[in-house]
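> no sequence for this one, just the structure:
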């Protein structure tokens, strides 16, 4: 297949994965699709989300003519990855919180997981911790407000430092926590602002590079040609179009669902 690699997320979080893909696979043409009409996913019922994710991804795969799909969303991956692989004819790469590399990086054996409340509470996350962090203390921090701050950043606004400080405040009582997993793809977009707001220095770990590496292994993508890189959105948002343009997607189109 000769189409681009399509990156999907509920919002702009997948743009952090786009950055990782561009670093590791600089010759690959990318496309982007987000379900901004239904953001945030974390407040919606699982069964409804599975059907929605399938519908949006099917429409985006058809519209983009992609050679493979990167599901750059923890919620979508944990809920619908198997269903997407069964339904779609292109290879699919998913996203999981970077618990395993965090355990390798931690010296104190106390790591934190900064994620949405839905990801923090999912049995899938508990299984990851049990499988890869059995010798570590893992503190889970729900950080839903950071999703909105990342969306604001991509829209050209400055993240609210008070919101970031409030989310990270519990770390002040955990001085031995030395490694923090950014367990939502929105969060690496805020990395610089988070570093300024954290109560004490930590190692930051996210899934971006691992996703990009896996993409290079399982999706056979054509070399970059002179081409327009496109984005698709489910809801009207001219600010989002400008944000996507800042990541190389010079055209943004409305995604029509069946």
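Looks like it came in fine. Treat the numbers as computed from the prediction; the structure is a model and nothing was measured.
> show me the contacts for the most centrally placed residue in the chain.
Residue closest to the average C-alpha location in the chain (CA atoms, centre = their mean): residue 185, at 2.6 Å. The contact partners of residue 185, by CB atoms under 8 Å, 6 or more residues apart in numbering, come to 9, 13-14, 16-17, 72-74, 95, 206-208. In short, each C-beta sits where N, CA and C put it, glycine included.
> turn the residues you listed into a markdown table, including secondary structure and distance to residue 179.
Formatted as a markdown table, the contacts of residue 185 follow (DSSP: H, G, I helix; E, B strand; the rest coil; distance: CB to CB, whole Å):
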| residue | secondary structure | distance to residue 179 |
| --- | --- | --- |
| 9 | strand | 24 |
| 13 | coil | 21 |
| 14 | helix | 24 |
| 16 | helix | 18 |
| 17 | helix | 20 |
| 72 | coil | 22 |
| 73 | coil | 23 |
| 74 | helix | 18 |
| 95 | coil | 19 |
| 206 | coil | 11 |
| 207 | coil | 14 |
| 208 | helix | 16 |
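> filter the residues you listed down to the buried ones.
Among these, those classed as buried by 16 or more other CB atoms under 10 Å are 9, 13-14, 16-17, 72-74, 95, 206-208.
> sketch out the low-pLDDT regions of the stretch 101-250 of the chain for me.
Along the stretch 101-250 of the chain, the model assigns pLDDT under 70 to residues 223, 225-226.
> could you redo the last one with a cut-off of 90?
Within the stretch 101-250 of the chain, the segments meeting pLDDT under 90 span 118-119, 121-122, 220-228, 236-240.
> how about the strands of it, start to end?
For the stretch 101-250 of the chain, the strands defined by DSSP state E, counting those that start in this stretch cover 110-115, 137-142, 179-182, 203-205, 230-233.
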